[in-house]
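In: A predicted structure for the sequence below; I have some questions about it.
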Amino acid sequence: IFALLFITIEINFFEITSFYKLTPEQIKVFKIQNVFTVTAIAAIITYIFSSILEKNEAIASENAFKDYLTGLNNRLYFNEMSKQQLQLAKRGNYIFSITFIDIDYFKNINDTYGHDVGDEVLKEVAKSIKKYTRDSDLVFRFGGEEFIVLMPNTDLKGTIIKANKLRLAITKDLMANKQL
């Protein structure tokens, strides 16, 4: 005669919802050593799953604000950050600017060369924007072929100068890329 010992761990979307424990009657059926061993293993598995779930939850939260293709911040994060910047500006003596970037004739790129090439163009533009903006600037893919650069502590004159430099640098990078 033998008996099987089961310990159940229930996992629902990012959390362990229950850990089945043995009743005293169930424990009597098994050698106490086996019960302790299996319970310890179940506790270790629970700990490991908890760690994995916490890490995955952190990654999912971070990814909620990232564009999957370019790795840039996304429109949702822009909405959050622009509200925050507006609040700072309302408190006084703080300015920021927003530069909107749109790739001209992008539909023609997709139609002529295909979406894979279009995706590569988007990635290259994103890379160039990040390369030529300050660490304090926030870069977003707003949608499709549209990007936004939010520049803290930058007035209109500074924004125009930076936007023009950025336009020239992106064009230069794209023309230099022999893959595109």
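Out: Arrived safely.
In: Let me see the confidence value for the residue nearest to the spatial centre of the chain.
Out: Per Cα atoms, centre = their mean, the C-alpha nearest to the average position across the chain is that of Asn63, at 2.2 Å. pLDDT for Asn63: 74.
In: and the closest residue to Asp137 other than its chain neighbours, how many neighbours?
Out: Spatially, and ignoring its direct neighbours in sequence, Asp137 is nearest to Met151 (5.0 Å; Cβ to Cβ, 6 or more residues apart in numbering). Placement of C-beta: from N, CA and C, glycine included. Number of residues near Met151 (other Cβ atoms under 10 Å) recorded here: 22.
In: In contact with the residue lying closest to Asn73 once chain neighbours are set aside, which residues are there?
Out: Nearest residue to Asn73, sequence neighbours excluded (Cβ to Cβ, 6+ apart): Phe140, at 4.5 Å. The contact partners of Phe140, by Cβ atoms under 8 Å, 6 or more residues apart in numbering, come to 67, 72-75, 77-78, 81, 147-150.
In: pretty sure Phe140 is in a strand, no?
Out: Yes. Counting by DSSP: H, G, I helix; E, B strand; the rest coil, Phe140 is located in a strand.
In: What's opposite the residue nearest to Asp137 in the beta bridge?
Out: For Met151, the beta-bridge partners under DSSP bridges are Ser97.
In: Quick check: pLDDT value at it.
Out: Looking at Met151, the pLDDT reads 93.
In: Distance check, it against Arg141.
Out: For Met151, the distance to Arg141 equals 16 Å [Cβ to Cβ, to the nearest Å].
In: what does Asp116 give?
Out: Distance from Asp116 to Arg141, by Cβ to Cβ: 17 Å.
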